[in-house]
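**Q** Can you look at this prediction? I've put the sequence above it.
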Amino acid sequence: MRQVLAQPGPTRTPSRTGSPWPTVLRGAAAMAAAMGVGRFAYTPIMPLMHDQAGMSDSLGASLATANYLGYLAGALLGIAAPALLRSAAALRTGLLVLAASLALMPLMHDGGAWWVLRLAAGAASALVFMIATSALLAGLAAHAEHMTGWAFGGVGAGIALSGLTVVAVQQAGSWQGAWAACAALTVLLTAASWGLAPDVAAPAATVPTERPRTRRWFTALLASYLLEGIGYIIAGTFLVAALQQGAPGWIGSGAWIVVGLAALPSCALWMRLARRVSRPALLTISLSLQAIGIALPALSTSSVSALAAAVLFGATFMGVSTMALAIGTHLRIPRAVALLTTGYSLGQILGPLLAAPLLRHGYHSALLLGAALVLAAACAAAACCIRFPHHLTQTA
């Protein structure tokens, strides 16, 4: 069944009546910069910093936590100051802060300075992600759903590009060169996304005084997205290391690139399916598939299982975000994107804390915990399916 995202006001932007591709490409570039490079480049660079900069395991984990805390701070800022989510200046400032935080990493040699820079990168990533998401959901509302999916696929493109960049640099360079190359990549992506225009607020007179009673579905959605944040970050933190340990060779070393390549078209494919199947049902399916992908390396060490795990994880984690945020927007909950992003970021902080006691005996127990939590997220999404209001009127 085809779903229509109801918007709270009749405001229109040029991107809704003209070609959607300029908005898609600018949004994809913003997503690639904020998430694919700004957040996830640390995953392939971290081993280089351990080997070449003498970074301890505890400091490496602390830098990851700093990024998650920054992401939470950025999400909370979106709730406290919703006008920022409609600000082109805030979007551009976030992109510039992100690029600067990456460029400064190789110039510092102090753990405290690195911690502050990763904190700033996390906050900037969250802000850019929320503003870009709001701009895409509003600017592409009159176009086919899969157009939004292609824009969100920019995260996968950014992951693949940053992974390839780090692999190329590490052959003849250092950890400093890897950060500098990723900063340069972020600058290019910032330039490509500079013209992305967030949707302006609807005039107060046109905003309906009554909102649809959709909070019960949103509560189930928020619970699902929180649980996904916990389980996903456990996989995002340890999946590649587990694959490298269990499947040496090109599959282990290139797992992160495979994740990015699988993520690139995934959002568009999931949104195409949304033309015939309800988004809550697809969210349930994608979470179930992701749980299988996370559990596979804990159940089998074969190359086929490793490749399947990377593909399943990459093909679902951004699709889950795309559908969850689209469902939240459809339910017309105020600041839905910021609320969902906050729940997701809280999950990302809780995930490593829950998994840490299980790492004494390797990654298998942690991955099984992550898979169980994502399966619980699928159950919460299934609850959201019950009598879901696919059609909302403007004054319902």
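**A** That came through, no problem. Numbering: from 1, shown residues only.

**Q** Which of the residues in stretch 327-336 are classified as buried?
**A** I327, G328, T329, H330, L331, R332, I333, R335, A336 (16 or more other Cβ atoms under 10 Å). (C-beta placed from N, C-alpha, C; glycine too.)

**Q** what's the longest helix along the chain packed up against?
**A** Counting by DSSP state H, the longest helix found in the chain is helix 215-246. For helix 215-246, the packing partners by 3 or more Cβ pairs under 8 Å, 6 or more residues apart in numbering; DSSP states H and E come out as helix 250-253, helix 255-273, helix 279-299, helix 303-330, helix 336-355, helix 364-385.

**Q** Pull out the buried positions in the longest one.
**A** Under the neighbour-count criterion of 16+ other Cβ under 10 Å, helix 303-330 has 303, 305-330 buried.

**Q** got it, and stretch 117-128?
**A** Neighbour-count burial for stretch 117-128, with 16+ other Cβ under 10 Å as criterion, is recorded at L117, R118, L119, A120, A121, G122, A123, A124, S125, A126, L127, V128.

**Q** just stretch 221-231 next, same as before
**A** L221, L222, A223, S224, Y225, L226, L227, E228, G229, I230, G231.

**Q** Please export the C-alpha coordinates of it as CSV.
**A** Below are the C-alpha coordinates for stretch 221-231, written out as CSV (Å, rounded to 0.1, in the frame of the first residue of the first chain):
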residue,chain,number,x,y,z
LEU,A,221,8.5,3.4,17.1
LEU,A,222,10.7,5.2,19.6
ALA,A,223,11.2,2.1,21.6
SER,A,224,12.2,0.2,18.5
TYR,A,225,14.6,2.9,17.4
LEU,A,226,16.2,3.0,20.9
LEU,A,227,16.7,-0.7,20.9
GLU,A,228,18.1,-0.6,17.4
GLY,A,229,20.6,2.1,18.5
ILE,A,230,21.9,-0.2,21.2
GLY,A,231,22.1,-3.3,19.0
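
**Q** Residues contacting stretch 280-295, please?
**A** Contact with stretch 280-295 is made by 217, 221, 224, 228, 231-232, 234-235, 239, 270, 273-274, 308-313, 315-317, 319-320, 323-324, 327, 367-368, 370-372, 374-375, 377-378, 381-382, 384-385, 388, as judged by Cβ atoms under 8 Å, 6 or more residues apart in numbering.

**Q** Helices of the stretch 1-150 of the chain, start to end?
**A** For the stretch 1-150 of the chain, the helices defined by DSSP state H, counting those that start in this stretch occupy 14-17, 21-31, 42-52, 57-80, 88-104, 111-139, 145-152.

**Q** so can I have TSV of those showing mean pLDDT and distance to L164?
**A** Converted to TSV, these look like this (pLDDT from 0 to 100; distance: least, Cβ to Cβ, whole Å):
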stretch	mean pLDDT	distance to L164
helix 14-17	46	30
helix 21-31	94	17
helix 42-52	85	9
helix 57-80	89	21
helix 88-104	96	16
helix 111-139	93	20
helix 145-152	85	20
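
**Q** okay, the ones you listed in JSON lines with distance to W194 next?
**A** Output for the helices of the stretch 1-150 of the chain, formatted as JSON lines (distance: least, Cβ to Cβ, whole Å):
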{"stretch": "helix 14-17", "distance to W194": "15"}
{"stretch": "helix 21-31", "distance to W194": "8"}
{"stretch": "helix 42-52", "distance to W194": "24"}
{"stretch": "helix 57-80", "distance to W194": "20"}
{"stretch": "helix 88-104", "distance to W194": "7"}
{"stretch": "helix 111-139", "distance to W194": "12"}
{"stretch": "helix 145-152", "distance to W194": "15"}
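
**Q** one step back: make JSON lines from the helices and strands packed on helix 215-246 and add distance to M147 and mean pLDDT to it.
**A** Shown next, in JSON lines, are those (distance: least, Cβ to Cβ, whole Å; pLDDT from 0 to 100):
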{"stretch": "helix 250-253", "distance to M147": "33", "mean pLDDT": "64"}
{"stretch": "helix 255-273", "distance to M147": "8", "mean pLDDT": "90"}
{"stretch": "helix 279-299", "distance to M147": "15", "mean pLDDT": "95"}
{"stretch": "helix 303-330", "distance to M147": "11", "mean pLDDT": "91"}
{"stretch": "helix 336-355", "distance to M147": "18", "mean pLDDT": "91"}
{"stretch": "helix 364-385", "distance to M147": "23", "mean pLDDT": "95"}
